[in-house]
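Trainee: Below are the sequence and a predicted model; questions follow.
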Amino acid sequence: MSSDLDAALFAADELLLVPEHLMLRDGPATGHAVLMAGGRFRDVGPADTLIARHTHLTPLHLPGKLLMPGMIDAHHHLTQSFGKSLAYGEPSEIFRRVWVPLESSLDDEFVYMASKLAALESLRGGFTTVCDAGTRAPGDIGAVAAAVQEAGLRCVLGLICNDGGNDSTAADRQAIQAHAARFLQQWSDAELVHPSLAISVPEAASDEMLAAVSALCAEARTIFQTHVNEHLASVERSVVQRGKRPLELLAQLGALGPQVLIAHGTLVTPSELVLLRDTDTAVSYNPVASQWKGNAVAPANLMAAMGIRFGLGTDATRSDAFRLMDAAEAAQKLAFGLAIGDASSGGGWTWFDHATHDGARAIGLDHLIGEIAVGKAADFLIVDVDTPEMCTSVDLTWDLVRLGNRDQITAVFVAGRLRLWEGWPPDWDARALQHQLARVAHAAMDRAPIVRLHPTAAEHRRLTVASATSTRNPQ
């Protein structure tokens, strides 16, 4: 894929890169270059100008390559990713039967290994930043932080602050809030870890805790994450228990705002969309989660038209940014566009933007990441576009959404450092980690009190064939 290039060429702290295509905020440009130094983009513009301006550097020409911003996963669960194949065919709310039992059985060593493997998957898929919604695993969340830092992945790391609901004690609430404040302070100056607070779902916390955690995040200028209006069952439970739908409850408590990122938002009424817009609350749109286990698809095109901030999230389904953009477009067209004759369904650029700079806005990091611009962190991809699929391109942005593939990613940089070269890290043994986790993962899954309702594909085939045979040949 990159026979004329070598990873060693990218080892310097200061690089003048001249790709064939440079993806700027307004679209792709040719004849441009970027200067990267100290982990940031220091100069961006016409190649001839930059080469003349920085004569102490030898330009590194990248024919057939696109230099583009690293993509952003606005909703992940790093400690669930290793068990993703447990979710196939399962009905909604699998967190109750699969994820909570699974994560609760993990020790710190396993959390570290699982998180580092998930970070590797994200980097391989073109993500340079993930927003982790928190783990229910016991022990110190530092195991997750250590894993992402060692892998070189930027991470908004959520600390879960559930207190169990309105029956919690004042002492419990005070202890959780104190722990949350210490966590925010502990990671406030880290390069790759950006602290966040999370409540799994609004019903898992008291009214006081929901308001307090949101206020803590507003004060610390970080984000408060919670799963909202994802499944019919949770919406109905909220109405029964609290008299309000989850999003309405947060609004009533004053817990919405620009510091808030709600996950999913698939079941939103017109008035709730207005609430999101008027409070500047952000959403993670998770189309693959809707395909795999959801009750609905978030109206992301409508959100875009209304000016509601949102990013694209995987929800730990598959860490492939190109397939995520494709799913984002396809889900909108199938759920909404076909019935009204909307052949464009976002025009391609919508999904690229929300995977990059608009995704950065959603997770509160647009001051730092999301685009190739002077002063921003050098989180970027070098992508091979000299391929049979793209050699006749007339619309590179839309091609990336529909045709892009992670095997085209030559290099992944985060904070100016080369983290992946042709799919693998140059400075640590990813295959050894992969094999180590594979040896212990099934034992961990067997230990956890998981309840699966759907058989494996092979068993489902056997049952289906047996049923069809008995129907055709009754006794």
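Mentor: Structure received. Numbering: from 1, shown residues only.

Trainee: In the stretch 251-400 of the chain, what residue spans correspond to strands?
Mentor: In the stretch 251-400 of the chain, the segments counted as strands under DSSP state E, counting those that start in this stretch are 260-264, 282-285, 310-312, 380-384.

Trainee: Note down every partner strand of the shortest one and its orientation.
Mentor: I take that to be strand 310-312. Next to strand 310-312 in the sheet, as set by DSSP bridges, lie strand 282-285 (parallel).

Trainee: Can you check the pLDDT for the residue nearest in space to the middle of the chain?
Mentor: In the chain, the residue lying closest to the centroid (CA atoms, centre = their mean) is Asp73, at 1.9 Å. Note for Asp73: predicted pLDDT of 98.

Trainee: Quickly list what the spatially closest residue to it that is not a sequence neighbour is bridged to.
Mentor: Distance criterion CB to CB, 6 or more residues apart in numbering; nearest residue to Asp73, sequence neighbours excluded, is Val130 at 4.2 Å. Backbone N, C-alpha and C define where each C-beta goes, glycine included. Beta bridges link Val130 to Asp73, Cys155 when assigned by DSSP bridges.

Trainee: doesn't Val156 make contact with Val130?
Mentor: Yes - using CB atoms under 8 Å, Val130 makes contact with Val156 at a distance of 7.4 Å.

Trainee: Please identify every residue contacting each of those two.
Mentor: Both Val130 and Val156 lack any common contact, where contact means CB atoms under 8 Å, 6 or more residues apart in numbering.

Trainee: More neighbours: the two, which one.
Mentor: Neighbours were counted for Val130 and for Val156 using other CB atoms under 10 Å; Val130 has more, 31 against 25.

Trainee: List the contacts of stretch 89-107.
Mentor: The contact list for stretch 89-107 (CB under 8 Å, 6+ apart) reads 77, 79-80, 83, 86-87, 114, 135-139, 200, 230-234, 293-295, 444-445, 447-455, 460.

Trainee: Could you check how far Trp55 is from Leu16?
Mentor: If you look again at residue 55, you'll see it is Thr, not Trp. From Thr55 over to Leu16 the distance is 10 Å, taken as CB to CB, to the nearest Å.

Trainee: Equivalent analysis for Gln185, please.
Mentor: 39 Å.

Trainee: May I have the residues that are in contact with Ser234?
Mentor: Counting by CB under 8 Å, 6+ apart, Ser234 has contacts 93, 201, 203, 227, 246.

Trainee: how about the helix or strand it falls within: buried residues?
Mentor: Ser234 is part of helix 232-242 when elements are defined by DSSP states H and E. The neighbour-count check on helix 232-242 (16 or more other CB atoms under 10 Å) flags 234-235, 238, 242 as buried.

Trainee: How about stretch 56-74?
Mentor: For stretch 56-74, burial by neighbour count (16+ other CB under 10 Å) applies to 57, 62, 64-74.

Trainee: For Ala133, list the residues it contacts.
Mentor: Contacts of Ala133 by CB under 8 Å, 6+ apart are 75-77, 158, 198, 200, 225, 227, 263.

Trainee: again, but for Leu338
Mentor: By CB under 8 Å, 6+ apart, Leu338 has no neighbours at all.

Trainee: Okay, domains of the chain per the record?
Mentor: For the chain, the structural domains run 7-69+373-421, 71-362, going by automatic domain parsing.

Trainee: right, so of these, which gets closest to Ala466?
Mentor: Each of those has some distance to Ala466 by CB to CB; the shortest is domain 71-362, at 17.4 Å.

Trainee: Sounds good, over and out.
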